[in-house]
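In: With the sequence up front, the predicted model follows.
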Amino acid sequence: MKDYQISRFCWLEFNMDNLRDNFLVLKKMVGPDVKIMPAIKVNAYSHGIVACGKVLEECGADYLGVGSIDEGILLRENGVNMPILIFASNLIQETANLYVQYHLIPTILSLEAARSFSEAVSEPSDVFIKIDTGRGRIGVNAEEFPDFFREVSQMPNLHVEGVYSHMAAVNWPDEGADYAVWQYSRFKAAMDAIGEDANRIPFRQLANTPGCIALPDIRMSGICPGRAMWGYSPLTRRAEHPELKAPLVSWKSRLVHVNEVTGGKFGEKYKAVKMDTPKRIGIMVGGMGDGISPKIAGGYVLLHGRKCPVASTVSLEHTILDLTDFPDAKPGDEIVILGRQGEEEITLEQRMEEWGLTVPRIWTEISAHLDRHYYRDGKLWAVAKDERFILNEN
Ligand SMILES: *Cc1c(COP(=O)(O)O)cnc(C)c1O
């Protein structure tokens with residue numbers, strides 16, 4: 001691939017057809033009248049915001065929801081032109097100029113912020129208002145929304161394009177959805193209180209991943225799925241649950257060094273190893289600094305299509321493998337930390353359990369500096385290397 005050469009031998013591989021399919025399966029589920037704003041904050045839950053933004057724009061997403069102005073700018077600089085909402089994470093009083101310059105949509109939480117944005121824009125511009133309906137975190141309290149909405153909509157050049165809220169606890173109705181339904185009732189009361197104006201707000205949205213799947217009645221005119229885009233939902237599987245696929249298919253590395261060492265940290269503590277019993281080890285690129293949990297010690301990775309034990313130590317950049325049963329292993333051999341090799345497979349669920357991590361932490365622990373290789377139709381489509389996004393033009 002032109003303009004790209006692998007230089008750090010620990011990387012991630014994504015099948016972006018799976019991201020497309022996840023989006024399309026949700027689109028089919030909600031139908032043409034419900035808009036979709038995929039939540040791609042935190043570097044698209046670590047999947048790489050530019051690649052995911054581009055694919056979702058192509059799929060026909062209505063908006064993208066991102067966590068920071070920086071993420072919005074990165075998308076713009078890489079040619080993503082669709083509407084981008086910034087979830088509340090900055091002071092609009094101090095950043096309104098950036099919203100204007102990069103055509104980003106602010107989340108309004110206060111009249112002061114609304115005024116600042118109104119003063120900064122020179123033409124009618126979209127804003128979203130966030131309501132707190134029970135997450136108990138960010139937003140204008142649902143009961144205060146009607147007055148707040150009236151004041152904001154009267155400010156020069158402000159157009160309320162969206163109103164949204166975030167959910168706390170969600171489940172299938174027969175597994176306990178009372179809290180979610182209560183949140184929805186607060187949202188709905190806030191909308192009812194502004195009468196006909198509510199129908200003129202294009203994006204009215206409360207439903208996250210489990211919300212949009214388990215509770216069709218709360219979808220209103222929009223949904224905002226995050227985890228579903230990456231193939232995950234916390235709900236128990238039933239017939240009405242859409243089939244989701246993980247775009248993150250592999251986390252790979254290579255052996256860079258093979259040696260027979262005398263001594264080393266192969267137990268709880270360093271122990272003297274007799275000179276006549278050297279241990280055959282291999283060095284895999286990737287350690288704690290890359291997001292590999294120290295709990296992998298005593299576990300395994302895949303090498304030559306078989307389980308290869310991790311000798312009990314993980315450092316910041318490397319992991320030591322026990323090659324006792326791999327006499328043919330040599331520098332350059334490919335290692336799988338997550339994904340399939342030959343007949344063997346290590347799943348995300350398995351790693352979550354072994355490393356004691358939940359979604360989305362299993363994703364966000366993975367270091368941003370690992371190269372990300374993106375495949376579409378089975379072919380390498382693009383690579384993200386640090387903040388650079390490089391299309392494979394061949
Ligand atoms: C992250 C986020 C979502 C997506 O939540 P998931 O449960 O991952 O689908 C939805 N809405 C808001 C406001 C968010 O910040």
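Out: Here it is on my side, so go on. None of these values were measured; they are calculated from a predicted model.
In: contacts and neighbour counts: CA atoms only from here.
Out: Fine.
In: nearest residue to the residue of the stretch 51-200 of the chain found nearest the ligand other than its sequence neighbours?
Out: In the stretch 51-200 of the chain, the residue that lies nearest the ligand is residue 166 (4.9 Å; CA to the nearest ligand atom). Distances taken as CA to CA, 6 or more residues apart in numbering put residue 206 closest to residue 166, at 5.8 Å, once the chain neighbours are dropped.
In: follow-up on the earlier one: residues in contact with the residue of the stretch 51-200 of the chain closest to the ligand?
Out: Residues in contact with residue 166 (CA atoms under 8 Å, 6 or more residues apart in numbering) are 132, 133, 135, 206, 207, 208.
In: The fourth one - how many residues pack around it?
Out: A count of neighbours around residue 206, defined by other CA atoms under 10 Å, yields 26.
In: The ligand contacts on the stretch 151-300 of the chain?
Out: The stretch 151-300 of the chain comes close to the ligand at residues 166, 208, 209, 224, 225, 226, 227, as judged by CA under 6 Å from any ligand atom.
In: In helices only, show me those residues.
Out: residue 209 (DSSP state H).
In: Pull the contacting residues for the residue nearest to residue 166.
Out: 164, 165, 166, 167, 184, 187, 218, 219, 220, 222, 223, 224.
In: Select from those residues the one having the most neighbours.
Out: Busiest of the contacts of residue 206 [other CA under 10 Å] is residue 223, holding 28 neighbours.
In: Is it bridged to anything, and to what?
Out: residue 36, residue 207 (DSSP bridges).
In: my guess is it meets residue 36, correct?
Out: Yes. Residue 223 is within contact range of residue 36, at 5.2 Å (criterion: CA atoms under 8 Å).
In: Where does pLDDT dip in this structure?
Out: The model of the chain has pLDDT under 70 over residues 265-276, 394.
In: ranges for the helices of it?
Out: 16-30, 41-45, 49-59, 69-77, 92-101, 111-120, 145-153, 178-193, 209-214, 348-355, 361-364.
In: Kindly compare burial across the ones you listed and name the winner.
Out: Among these, ranked by average contacts under mean count of other CA atoms under 10 Å, first place goes to helix 209-214 (a mean of 24).
In: Of all residues in the stretch 1-150 of the chain, which one is closest to the ligand?
Out: For the stretch 1-150 of the chain, CA to the nearest ligand atom, closest residue to the ligand: residue 39, 5.2 Å.
In: what's the burial count for that residue?
Out: Neighbour tally, residue 39, other CA under 10 Å: 26.
In: Kindly report the same for residue 80.
Out: By other CA under 10 Å, neighbour count at residue 80 equals 21.
In: What count of nearby residues applies to residue 203?
Out: That count, for residue 203 with other CA under 10 Å as the rule, works out to 24.
In: Name all residues that make contact with the closest residue to it other than its chain neighbours.
Out: Nearest residue to residue 203, sequence neighbours excluded (CA to CA, 6+ apart): residue 162, at 4.4 Å. Neighbour list for residue 162: 127, 128, 129, 201, 202, 203, 204, 205 [criterion: CA under 8 Å, 6+ apart].
In: Spatially central, which residue of the chain would that be?
Out: Nearest to the mean C-alpha position of the chain, by CA atoms, centre = their mean, lies residue 45 at 1.6 Å.
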